[in-house]
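Student: Show me how the following folds:
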Amino acid sequence: MRALLWITTAAAVLYGGYWVAGSTAMRRGAEAALADLQAQGIAGPAEITLHGFPSRFDLTVEPVALRSGAVEWSAPFVQLFMLAYRPTHLIAVWPNEQTLTLNGLPLTITSTDMRASAVVGVSADLPLDRTVLVAEDLAISAGADLGVRLTEARLATRATDAGRLVHDLGAELLGLTLSPGLRAAADPEGTLPEAMDWLRLNAALTLDRPLDRHAASAPPRPVALDLRDLSLRWGDLSLTASGQLTRGGDGRLQGRIEIDADHWREILALAVATGLVRAELAPTYAAALEQLAAVSGTDPDRLQVPLVLSGGWITLGPLPIGIAPRI
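Tutor: Numbers count the residues shown, from 1 in each chain. Now for the predicted structure:
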C-alpha cells in the first residue's frame with residue numbers, strides 16, 4: 001500500500017512538473033511571437049495569461065490588434081486551448097464581436113460561436129497538417145444597411161503530400177442573407193428566396209513553402225489552384241465553376257475556369273451589388289452576355305462560358321473583365 005502511495009505521488013509530481021514546463025514553454029513562445037510581431041509593427045500591446053492545470057494549456061491574449069498593409073483586425077481577446085497530452089492539436093476560440101478593416105473600410109463581425117482547430121506536424125517548424133473552422137450565426141456588416149448574415153460557415157483544409165505544400169480546401173456557406181440595401185440592388189424584383197441555399201468550394205491549393213511557424217515572417221505564396229468545384233444555389237439561380245489556375249513568371253494568375261450559370265442575369269445583378277462588377281459596365285456586359293447565351297445553348301437563361309486569365313488580363317468569353325491579380 002505504501003509503495004502504491006509513493007508511486008502515485010511520484011507520478012503526480014512528475015506530471016505537475018511536465019505541466020509547469022509545458023505551460024512555461026508555451027507562454028514564453030507566445031510572448032516571443034508577440035514581441036516579434038510588435039517589433040515588425042504588426043501587433044499592438046496585449047497581455048498573455050495561461051491557465052488550465054492539470055489537463056490543458058489555456059492561453060488568452062487580450063486585447064488583440066493586428067495590422068498588415070491595408071488590413072487590420074482587432075478583438076477584445078482570442079483564446080488558444082491545447083490538451084496537455086496532445087500538444088500538436090490546437091483549438092482557437094474568438095469573441096462574439098470582432099472588427100476587420102479593409103482599405104479603411106471597417107467591418108463588424110459578430111457570431112454566436114466561432115472556433116477552429118489545427119493539427120501540426122511533430123517537428124521544430126510545426127508545419128500545418130489540417131484545420132477546421134466553424135462559425136454559427138455569422139454576420140459581417142459595413143454599416144446599418146450594408147452586410148451579409150450566415151446561418152453557418154465551415155472551412156476545412158488538409159495537407160495531402162509529405163512536404164505539406166498541397167492542401168485540399170473545402171468550404172460551405174449556408175443560409176446566406178443580404179442586408180436590405182444589398183438585396184434591393186441584387187434582386188430589385190424580389191424574385192429570389194430570402195436566404196441563399198449554399199455556396200460550396202472544393203479545391204486543392206499548392207504553396208511554394210509549408211505553412212509553419214515561420215509563416216508570419218515568410219508567408220507562403222500560392223503557385224497553383226485546382227478548382228474542382230465552386231457551386232452556388234439560390235432558388236432557381238445556380239452557378240458552377242471548375243478549372244485550374246497557376247502563378248505565372250510575372251506573379252500574375254493565369255489559367256482557365258469553365259463557368260455554367262443558370263439565371264445568369266440575376267447573377268450579374270448580384271455581382272454588381274457586391275462590387276465585383278462596376279455598375280456603369282453592367283449594361284454593356286448584359287448585352288454581350290445575351291449574345292453569348294444565345295450561341296452557347298438553347299436556353300437563354302443559361303450561360304456556359306470560360307473565364308480566361310492570360311497575358312495579364314481576365315476575360316469572360318470575349319469580354320474583358322480586368323487585370324489579372326498578382327500574387
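Student: where does the stretch 51-200 of the chain have low pLDDT?
Tutor: 52-53, 55 (pLDDT under 70).
Student: Distance of Leu59 relative to Glu31?
Tutor: The gap separating Leu59 from Glu31 is 10 Å, by Cβ to Cβ, to the nearest Å. To be clear about C-beta, it is placed using only N, CA and C from the backbone, and glycine gets the same treatment.
Student: Likewise for Gln304?
Tutor: Distance, Gln304 to Glu31, by Cβ to Cβ: 55 Å.
Student: What segments of the protein are helices?
Tutor: With DSSP state H as the criterion, the chain has helices at 2-39, 180-186, 264-273, 282-296.
Student: quick one: the last one to helix 264-273, angle?
Tutor: For helix 282-296 against helix 264-273, the angle between stretch directions is 150 degrees (axes from the mean of the first three to the mean of the last three Cα atoms, to 10 degrees).
Student: and helix 282-296, what does it pack onto?
Tutor: Here helix 282-296 touches helix 264-273, strand 302-310, strand 319-323, going by 3 or more Cβ pairs under 8 Å, 6 or more residues apart in numbering; DSSP states H and E.
Student: ok, and the closest non-adjacent residue to Leu245?
Tutor: For Leu245, ignoring the flanking residues on the chain, the nearest one in space by Cβ to Cβ, 6 or more residues apart in numbering is Gly255 at 3.7 Å.
Student: actually Pro193, not the one I typed
Tutor: Nearest non-adjacent residue to Pro193, counting by Cβ to Cβ, 6+ apart: Gly235, 4.6 Å away.
Student: Same check on Thr112?
Tutor: Asp137 (4.2 Å).
Student: Now for the one you found: which residues touch it?
Tutor: 110-113, 149-152 (Cβ atoms under 8 Å, 6 or more residues apart in numbering).
Student: can you count the residues close to Thr131?
Tutor: 20 (other Cβ atoms under 10 Å).
Student: Is Met196 in contact with Arg233, as I believe?
Tutor: Yes - using Cβ atoms under 8 Å, Met196 is in contact with Arg233, at 7.3 Å.
Student: Around the residue nearest to Pro193, count how many other residues there are.
Tutor: Counted with other Cβ under 10 Å, residues neighbouring Gly235 total 15.
Student: Would you mind measuring from it to Glu290?
Tutor: 21 Å.
Student: quick one, strands of the stretch 51-200 of the chain?
Tutor: 56-62, 64-68, 71-75, 78-83, 89-93, 97-102, 105-110, 113-120, 128-141, 147-159, 166-178, 196-207 (DSSP state E, counting those that start in this stretch).
Student: want to try CSV for the ones you listed, with distance to Val277 as columns?
Tutor: What follows is the strands of the stretch 51-200 of the chain, written out as CSV (distance: least, Cβ to Cβ, whole Å):
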stretch, distance to Val277
strand 56-62, 40
strand 64-68, 28
strand 71-75, 23
strand 78-83, 36
strand 89-93, 35
strand 97-102, 19
strand 105-110, 19
strand 113-120, 30
strand 128-141, 20
strand 147-159, 17
strand 166-178, 16
strand 196-207, 18
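Student: Distance of the closest residue in space to Glu31 that isn't next to it in sequence relative to Thr274?
Tutor: Closest residue in space to Glu31, ignoring its immediate chain neighbours: Ile48 at 5.8 Å, by Cβ to Cβ, 6+ apart. Taking Cβ to Cβ as the measure, Ile48 falls 38 Å from Thr274.
Student: Could you check which of these two has the larger neighbour count?
Tutor: Ile48 (16 against 13).
Student: The more buried one contacts Ala33, correct?
Tutor: No - with contact defined as Cβ under 8 Å, Ile48 does not reach Ala33; the gap is 9.8 Å.
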